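> structure of the sequence below:
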Amino acid sequence: MADIRDILDINEAPGPQEGVTKESILGHNEKSKKKQKPLREVVKRPEGMHRELYALLYTDNKDAPPLIPSDTVGTGYKQLKAKLGMRRVRPWKWMPFTNPARTDGAVFHHWRRAADEGKEYPFAQFNKKVPIPTYTDAEYQQHLTSDGWTKEETDLLFDLGQRFDLRFVVIHDRWDKEKFPNRTIEDMKSRYYEVCGTLTKAKSTATHEPKVFSFDAEHEKRRKEQLKRLFERKPEEIEEEQMLLAELKKIEVRKKEREKKTQDLQKLITAADNQAEARKLDKKAQKKKVPQQQARPKPEAVPTLEFTGIKFPDFKNSGVTLRSHRMKLPSNVGQKKSKAIEQMLQELGIEMNPMPTLEICTHFNELRSDMVLLHELRTALSSCVYELQTLRHQYEALCPGKTLQHPPLPSHATSILTSLTPQAMQSPTKTEKGEIIDVVGSPGTPMVTTPAT
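Residues are numbered from 1 along each chain as shown. All right, here's what the predicted structure looks like:
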């Protein structure tokens, strides 16, 4: 045990009755046995007192503030003595000065550095004056005569403008209403800028015409009148204006939606026309070619046309593929279009999966592409016709006794509405005599398509 105590640097040995304990081996934890200092009483900050003000009342030790100024350590200052540099301080002097903005020659005194003695008052740079033009009697008689203004009134206007730096509200208040007729602020401004412009043109020696400021008195009067009306509005008028602005926003939103739908419909019609023209050109080119004995082309060598309705994939990958895969609808065709294609094929009596020869694949894909394109055209046209009829009913409801006349549907729209019916496809002569009329009732009733009688 003595060796253990010597290794662990333990001086005290355990008593005869005490066993070997952790404290006897490791020693006593003096830090834990130190008496803890009693916690200082926490002084609560009074309610309503700012934290910065409360921090000035006590030092770090929460001592009470001294009754008299003291330089002891208890004041809380880190450094009691000021560190002064080796350079000499700059001397200051109590010296007089004058303000150039004053014309009465008043002399004031303030502290300034001795090196700045004799220099101009530093705030004189902010004394800005508006340059007011002057004129002589000869110049007034030659250029500035006016029927509505006399020379005395013009002289008073320019004198007040010089005194009050063109503050026309003050000039109007200081106007001599007993000696001269009462003038409005707009009349004073108009006369002042008119005289300034005339003097600038008369004194100018440049070859080109100098820049002259003009003042529109009538526009200024209308502007102030509008501001007065705006300020004197009643709460009911404010609410009505807000309601009208909200309705205007709704009308603009509906207008943008109609324009967008019109553009989409025009794109569909243009795509259908371009596709029809492209097919006509292809047929003419095929008729011009002289049929000769040629080897049957491979399926990969046949060019596939790009359709605007449905874009079928072109199988150019290496490996074995079935020709029937060319008739499979792409994944981007939605369920709604697929159902429409199935319904139209049933109406026309065409099989859903015909024999996948090369010619049948090409024509079957073209047929379904045309069906999708015409279906989209008919849907877009129906929505436009429905909106047109809705607007007509709204117009008739707002203006009783009046009827909104709109132009008839164009030939493109009529052909779109008639082309998707089986009767129109099977008997073209009958569709030339009769047209399809879209009967649209109130906005709550669905649109019905019936043949015209």
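
> any idea which helix is longest in the protein?
Longest helix in the chain, counting residues (DSSP state H): helix 235-288.

> quick one: average confidence on it?
When pLDDT is averaged along helix 235-288, the result is 87.

> span of stretch 197-213 from start to end?
End-to-end span of stretch 197-213 (Cα to Cα, to the nearest Å): 7 Å.

> what lies in contact with that stretch?
Applying Cβ atoms under 8 Å, 6 or more residues apart in numbering, the external contacts of stretch 197-213 come out as 133, 135, 139, 142, 143, 144, 193, 196, 214. (Each C-beta comes from the backbone N, C-alpha and C, glycine too.)

> so what's the fourth one closest to, chain neighbours aside?
Setting aside the residues directly before and after it, residue 142 is nearest to residue 202 in space (Cβ to Cβ, 6 or more residues apart in numbering), at 7.9 Å.

> which intervals of this structure have sub-threshold pLDDT?
For the chain, the stretches flagged by pLDDT under 70 are 11-43, 58-84, 288-309, 311, 313-320, 406-453.

> all strands of it, in order?
92-98, 107-113, 436-439, 448-451 (DSSP state E).

> what's in contact with the second one?
To tie it back to what came earlier, the one meant is strand 107-113. 90, 91, 92, 93, 94, 95, 96, 97, 98, 99.

> just put those in JSON lines and tack on distance to residue 209.
Formatted as JSON lines, these follow (distance: Cβ to Cβ, whole Å):
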{"residue": "90", "distance to residue 209": "57"}
{"residue": "91", "distance to residue 209": "59"}
{"residue": "92", "distance to residue 209": "57"}
{"residue": "93", "distance to residue 209": "56"}
{"residue": "94", "distance to residue 209": "57"}
{"residue": "95", "distance to residue 209": "52"}
{"residue": "96", "distance to residue 209": "51"}
{"residue": "97", "distance to residue 209": "46"}
{"residue": "98", "distance to residue 209": "44"}
{"residue": "99", "distance to residue 209": "41"}
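
> can I get the buried part of those as one PyMOL selection?
This is the PyMOL syntax for the buried subset of the contacts of strand 107-113, where burial follows 16 or more other Cβ atoms under 10 Å:
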select buried, resi 97
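
> which one of the contacts of strand 107-113 is nearest residue 353?
Nearest to residue 353, judged by Cβ to Cβ, of the contacts of strand 107-113 is residue 99 at 103.1 Å.

> go ahead and confirm that closest one touches residue 125.
No. Residue 99 is not in contact with residue 125 according to Cβ atoms under 8 Å; the separation is 12.0 Å.

> domains for the protein, by residue range?
137-231, 259-286+305-451 (automatic domain parsing).

> quick check: end-to-end length of the first one?
Going back to what we said before, that points to domain 137-231. Its start and end residues considered, domain 137-231 measures 45 Å (Cα to Cα).

> need the contact list for residue 178.
No residues are in contact with residue 178 under the rule Cβ under 8 Å, 6+ apart.

> residues near residue 351, how many?
By the criterion of other Cβ atoms under 10 Å, residue 351 has 9 neighbours.

> repeat for residue 104
Other residues close to residue 104 by other Cβ under 10 Å number 6.

> likewise for residue 130?
Residue 130 has 10 nearby residues by other Cβ under 10 Å.

> cool, residue 330 as well?
The burial count for residue 330: 9, using other Cβ under 10 Å.

> and if you look at the one 4 residues further on?
Residues contacting residue 334 under the criterion other Cβ under 10 Å number 11.

> the one 3 residues further on too?
Here the neighbour count serves as a burial measure; for residue 337 (other Cβ under 10 Å) it reads 18.

> find the nearest non-adjacent residue to it, please.
For residue 337, the spatially nearest residue (Cβ to Cβ, 6+ apart) is residue 372, at 5.4 Å.

> so that neighbour makes contact with residue 342?
No. Residue 372 lies out of contact with residue 342 (Cβ under 8 Å); the separation is 11.9 Å.

> ranges for the helices of the stretch 351-453 of the chain?
358-398, 411-419, 422-426, 428-433 (DSSP state H, counting those that start in this stretch).

> now do the first one against helix 235-288, angle only.
Pointing back at helix 358-398 there. 150 degrees (axes from the mean of the first three to the mean of the last three Cα atoms, to 10 degrees).

> start at 11, not 1
Yes, from this point I'll number from 11; that puts the last item at helix 368-408.

> can you give me the buried ones in stretch 154-162?
For stretch 154-162, the neighbour count (16+ other Cβ under 10 Å) marks 154, 159 as buried.

> alpha carbons only: can I get that stretch in CSV?
The C-alpha coordinates for stretch 154-162 follow below in CSV (Å, rounded to 0.1, in the frame of the first residue of the first chain):
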residue,chain,number,x,y,z
LEU,A,154,-42.0,92.2,-72.5
THR,A,155,-45.1,94.2,-72.9
SER,A,156,-48.4,92.4,-72.3
ASP,A,157,-52.1,93.3,-72.3
GLY,A,158,-52.9,91.5,-69.1
TRP,A,159,-49.8,92.6,-67.1
THR,A,160,-48.4,96.1,-66.3
LYS,A,161,-44.8,96.9,-65.7
GLU,A,162,-45.4,97.6,-62.0
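
> grab the nearest non-local neighbour of residue 170.
Nearest to residue 170 is residue 181, by Cβ to Cβ, 6+ apart, at 4.4 Å.

> so the one you found sits against residue 172, correct?
No. Contact criterion Cβ under 8 Å: residue 181 and residue 172 do not qualify, at 10.2 Å.

> returning to what we had before: any chance of the domains of the chain in a markdown table with distance to residue 95 as columns?
Output for the domains of the chain, formatted as a markdown table (distance: least, Cβ to Cβ, whole Å):
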| stretch | distance to residue 95 |
| --- | --- |
| domain 147-241 | 47 |
| domain 269-296+315-461 | 77 |
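
> what is the burial count for residue 406?
Neighbour tally, residue 406, other Cβ under 10 Å: 13.

> my read: it touches residue 400, true?
No. With contacts counted by Cβ under 8 Å, residue 406 stays clear of residue 400, the gap being 10.9 Å.

> show me the helices in the stretch 111-260 of the chain, by range?
Going by DSSP H, counting those that start in this stretch, the stretch 111-260 of the chain shows helices at 147-149, 161-173, 178-183, 195-213, 227-241, 245-298.

> for residue 127, what are its contacts?
Counting by Cβ under 8 Å, 6+ apart, residue 127 has contacts 103, 105.

> re earlier: can you redo the helices of the stretch 111-260 of the chain as CSV with distance to residue 119?
CSV is the format used below for those (distance: least, Cβ to Cβ, whole Å):
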stretch, distance to residue 119
helix 147-149, 45
helix 161-173, 29
helix 178-183, 32
helix 195-213, 41
helix 227-241, 47
helix 245-298, 58
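
> among those, which is nearest residue 58?
Using Cβ to Cβ, the helices of the stretch 111-260 of the chain put helix 245-298 closest to residue 58, at 39.7 Å.

> now do that closest one: which elements does it pack against?
helix 368-408, helix 421-429 (3 or more Cβ pairs under 8 Å, 6 or more residues apart in numbering; DSSP states H and E).

> and the angle for that helix with helix 227-241?
110 degrees.
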